[in-house]
Each structure stands twice: as structure tokens, then as C-alpha cells.
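Peer 1: any chance you could fold what I've pasted below:
(2 chains)
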Amino acid sequence: GESVGLHLPTLSVQEGDNSIINCAYSNSASDYFIWYKQESGKGPQFIIDIRSNMDKRQGQRVTVLLNKTVKHLSLQIAATQPGDSAVYFCAELPGNTGKLIFGQGTTLQVKP
Amino acid sequence: GAVVSQHPSRVICKSGTSVKIECRSLDFQATTMFWYRQFPKQSLMLMATSNEGSKATYEQGVEKDKFLINHASLTLSTLTVTSAHPEDSSFYICSARTSYVHEQFFGPGTRLTVL
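Peer 2: Okay, the predicted model is just below:
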């Protein structure tokens, strides 16, 4: 079936370094993509989104890149902080269903 | 921003009992609510989609008679796990959306443990 997958299950970075979390998606009909952060025992928290007519969007310390040619999505976190430690999920929204499809998740560990 | 709450946040019950989980949109009207289940170290899996005033649409493999969903108002949806068994133990998360935007707003989740 269609799925959204992540290349790295766990990413460990040093505090202050930049983090890059990758995601591959398979549904070419998806026109909206979102990155979520989930801390232990909590619900997903919206980080940033991007529409399919864009290839880059920046927020505060975060940047999302979309490459539709290879169906790849990435989340860049600048100057990673201990508070960024969490599981990060990408999700895609196919325009014809209205239902989010979540990727497998990447655990980000920030070392002090 | 939009806030979604869930109640209870944590519930422990005996096998065979039924458990009701509430999902509320606190400051907006949710025309659509979604229920997800998340097992440890796994992703969120959509269980069902409910629109206010109509029957829920269940994903393949989700038993509609076991997971009863009611979306009686624009601010409240409930998920009832009937005759719960240990394998139903999971983290249940709801989300809500208005008809005007794509974004789903997620609740804090409910940890269900069936003994």
C-alpha cells in the first residue's frame, strides 16, 4: 500500500549542531505535507507545513524542503537544543482523501 | 491556536469492560474528527474519520462494532472501546479539523491499559 517512510529511525546530534531528518513519500497525489514533533506520552505537535507548489519553507529554526521529483521531504533544525529531543513524523495529505498518512518516525536525540 | 482536549488522559480497566474516550475542540467547531491508535515506538495509524451528524468511516481492519465512534456535536467526538482486551492497550489520539483548512489539531492522547 501507499506509505510514507523515513530513512533513519534514530538521529543523534550534538547540542548546537544542525539536524536533518529525511522522509520519502509514495503518493504522487499528495499536495500538502506536514512535520510533527511528538514528545513522550503526548500528542503530535505541528512544526511546519509545505504545499506541493513550493520546494522550501522556513520557520523559526526549522526549514522544510520538498523534492517532488524524487518524492522526498526533509526537516532541518538549526542549532539543535535539548528541548528538540523527540520523535519527528512527516505526514502527507493526498488531496483526494483528506486523510493524513504518517511516516514511521525518527527519534532525535540531542547530546549536551 | 486551536486546542483539542481528551479525557481521560489515562485509563486502566479490566478485560471485558468498555471504555469511553472523549475528544473536544475547545475554541473552534470541528466538522471532522479523526481517531488514531499508536502502539509503542510506532507511528500513528488512522482508525476512523467522523463527521458531525453522520456515521464514522472506518479504516480497513478496524472493527466498527468494537470501536464505537459518535460525533454528536461540532465540538465533541467520543470513542468507546467495547469489551476491551489486553491487545487493545494503546495510545489513542484524536484530531480535529474545520472545513476551511487542511490542518488537523491533535489532542494530547489517552493511554489505555487493559489488564
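Peer 1: so residue B:87, which state does it fall into?
Peer 2: helix (DSSP: H, G, I helix; E, B strand; the rest coil).
Peer 1: again with residue B:29
Peer 2: coil.
Peer 1: quickly list what the closest residue to chain A within chain B is bridged to.
Peer 2: Residue nearest to chain A within chain B (CB to the nearest CB): residue B:106, separated by 4.1 Å. (Each C-beta comes from the backbone N, C-alpha and C, glycine too.) Residue B:106 has these beta-bridge partners by DSSP bridges: residue B:95.
Peer 1: shouldn't it be in contact with residue B:95?
Peer 2: Yes - counting by CB atoms under 8 Å, residue B:106 does reach residue B:95; the two are 4.6 Å apart.
Peer 1: overlap of the contact sets of those two?
Peer 2: residue B:4 (CB atoms under 8 Å, 6 or more residues apart in numbering or on different chains).
Peer 1: residues near the residue of chain B closest to chain A, how many?
Peer 2: 24 (other CB atoms under 10 Å in any protein chain shown).
Peer 1: can you give the distance of stretch B:8-23 from its chain's centre?
Peer 2: 12 Å (CA atoms, centre = their mean, to the nearest Å).
Peer 1: spatially central residue in chain B, please.
Peer 2: Against the mean C-alpha coordinate of chain B, by CA atoms, centre = their mean, the closest residue is residue B:35 at 3.6 Å.
Peer 1: need the next SSE after the helix or strand encompassing that one, C-terminal direction.
Peer 2: Applying DSSP states H and E as the criterion places residue B:35 in strand B:32-38. As assigned by DSSP H and E, the chain's next helix or strand after strand B:32-38 is strand B:45-51.
Peer 1: tell me who's in contact with whatever residue of chain A ends up closest to chain B.
Peer 2: Here chain A gets closest to chain B at one residue, residue A:43, 4.1 Å apart by CB to the nearest CB. Applying CB under 8 Å, 6+ apart to residue A:43 gives the contacts B:4, B:6, B:93, B:106, B:107, B:108, B:109.
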